[in-house]
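Student: Take this sequence and fold it.
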Amino acid sequence: MKNIVIFNQGYLPATSYGGPVVSITNIVTELNENFNFYIICTAYELDGINQLPDIILDKWNSGNNGEQILYLSHVNNNFSFIKKSLFQIESIDLIYVNSFFNAKQLFYGYKVSKAFNCPFIIAPRGELEENALKIKSYKKKPYVFIMKRILNKNVYYQSTSELEGNNIMKILDVKNFNVLDLPNLPSIPQSINISKYNKKSNEIKMCFISRIQVKKNLVFALECLYKVSSEIKITFDIYGTIENEAYWKQCLKLIDKMPSNVIVNYNGVVSRDKIFETFSRYDLFFFPTLSENYGHVIGEALYASCPILISDQTPWTDINDTYGGRAYSLDGKNKFVDYIEEIAMSSLTSMNIIKNSAKKFVVNKSDIENKKNKYIKIFNELMI
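Tutor: Residues are numbered from 1 along each chain as shown. Predicted coordinates:
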């Protein structure tokens with residue numbers, strides 16, 4: 001089989017990197033019978049301090065899905081060591097970098113592709129979307145300017161949607177034949193341990209599961225809770241890595257001033273093996289994100305039969321055609337508040353209909369076999 005080397009900042013068993021790790025895990029899980037995968041990542045959580053458990057530093061480790069993983073220590077996180085480690089592999093047929101704005105791994109991937117004379121794919125993962133580019137734009141604009149001049153015409157870019165493809169071509173001056181139409185592969189649970197579900201009228205249990213940073217828009221969610229009727233009892237559980245301490249302090253100020261009918265809890269990070277079970281306990285996943293090119297966590301909520309309340313800045317806006325949730329513009333909070341109240345007032349019978357609709361929607365949308373075949377076809381064409 002052909003050998004594919006993937007560069008990603010972190011990888012399992014890390015818990016703090018969010019969607020990018022899920023994207024890579026799903027590629028490996030679904031395509032491991034067609035390709036050999038070699039993952040190169042750091043040996044630490046996102047903070048760069050906490051070392052991952054049960055790994056061997058700076059050597060190839062076997063993953064749960066047949067992949068080989070090189071967990072780099074701080075000392076050996078350099079191109080010379082990576083190149084030396086890759087010589088242990090019989091052949092390198094494709095390089096895949098899971099980020100555009102991670103300069104270090106982009107440099108490694110580009111240099112390796114040159115050294116081994118193989119195709120090079122960059123997956124921006126929504127980093128070039130309008131709202132994403134606005135965050136720290138003073139850093140991103142000069143970076144884009146420089147990279148457009150360094151990367152040559154033989155670089156390919158993964159587009160997971162028509163919108164992302166257009167952004168890649170526009171912002172990076174890339175021709176359409178260098179843009180690969182490869183939609184995200186969804187997280188599909190083998191089975192879900194679901195606790196007995198119950199629902200009381202005028203009560204709602206909501207969750208927010210994501211990294212805590214500006215882009216995920218937790219402040220907006222908390223501000224909406226202030227506007228919900230005082231007659232409704234709300235439990236809002238927050239899960240995720242605190243990536244931006246200053247932003248989390250803004251959230252804490254809002255949490256401290258919540259009205260008496262609202263209880264907000266911070267519950268740390270959900271492990272990957274508990275994500276579906278966790279979602280199954282809630283009436284609603286509230287995620288008014290500023291931008292997602294996919295949003296694995298949205299699909300995971302739906303697979304767990306948890307209705308969603310999200311912004312319209314994701315590819316999941318067709319949820320509005322079902323009973324399984326809503327996607328609204330971030331121009332105002334009233335629609336979000338109204339939907340929270342609607343779910344809160346729903347009976348157990350109504351909620352079961354809504355939950356079933358959520359699950360049915362994502363199953364129909366996933367289309368996993370066609371997506372897998374696209375990856376297999378395009379990867380094989382590049383590696384001829």
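Student: ok, which stretches of the chain are strands?
Tutor: Using DSSP state E, the strands found in the chain span residues 2-7, 35-42, 60-62, 68-72, 94-97, 120-122, 155-159, 179-181, 203-209, 233-239, 262-266, 284-287, 308-311, 325-328.
Student: Now do the second one: which elements does it pack against?
Tutor: With contacts taken as 3 or more CB pairs under 8 Å, 6 or more residues apart in numbering; DSSP states H and E, strand 35-42 sits against strand 2-7, helix 19-31, strand 68-72, helix 79-86. C-betas here are computed from N, CA, C, even on glycine.
Student: re the thing from before, Serialize the strands of the chain to JSON lines and add fields for mean pLDDT.
Tutor: Shown next, in JSON lines, are those (pLDDT from 0 to 100):
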{"stretch": "strand 2-7", "mean pLDDT": "98"}
{"stretch": "strand 35-42", "mean pLDDT": "98"}
{"stretch": "strand 60-62", "mean pLDDT": "98"}
{"stretch": "strand 68-72", "mean pLDDT": "98"}
{"stretch": "strand 94-97", "mean pLDDT": "98"}
{"stretch": "strand 120-122", "mean pLDDT": "97"}
{"stretch": "strand 155-159", "mean pLDDT": "96"}
{"stretch": "strand 179-181", "mean pLDDT": "96"}
{"stretch": "strand 203-209", "mean pLDDT": "98"}
{"stretch": "strand 233-239", "mean pLDDT": "98"}
{"stretch": "strand 262-266", "mean pLDDT": "98"}
{"stretch": "strand 284-287", "mean pLDDT": "98"}
{"stretch": "strand 308-311", "mean pLDDT": "98"}
{"stretch": "strand 325-328", "mean pLDDT": "98"}
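Student: And those: which comes nearest residue 349?
Tutor: Residue 349 sits nearest to strand 203-209 of all the strands of the chain, at 15.4 Å, using CB to CB.
Student: ok, and what's touching that closest one?
Tutor: Strand 203-209 has contacts (CB atoms under 8 Å, 6 or more residues apart in numbering) with 216, 218, 221, 232-240, 270, 275, 278-279, 281-287, 297, 301, 306, 309, 340, 343-344.
Student: Kindly calculate the angle that it makes with strand 262-266.
Tutor: Relative orientation of strand 203-209 versus strand 262-266 (axes from the mean of the first three to the mean of the last three CA atoms, to 10 degrees): 30 degrees.
Student: Indicate each strand paired with strand 203-209 and its parallel or antiparallel sense.
Tutor: Applying DSSP bridges to the sheet, strand 203-209 is found paired with strand 233-239 (parallel), strand 284-287 (parallel).
Student: how near is residue 243 to residue 222?
Tutor: Distance of residue 243 to residue 222, given as CB to CB, to the nearest Å: 17 Å.
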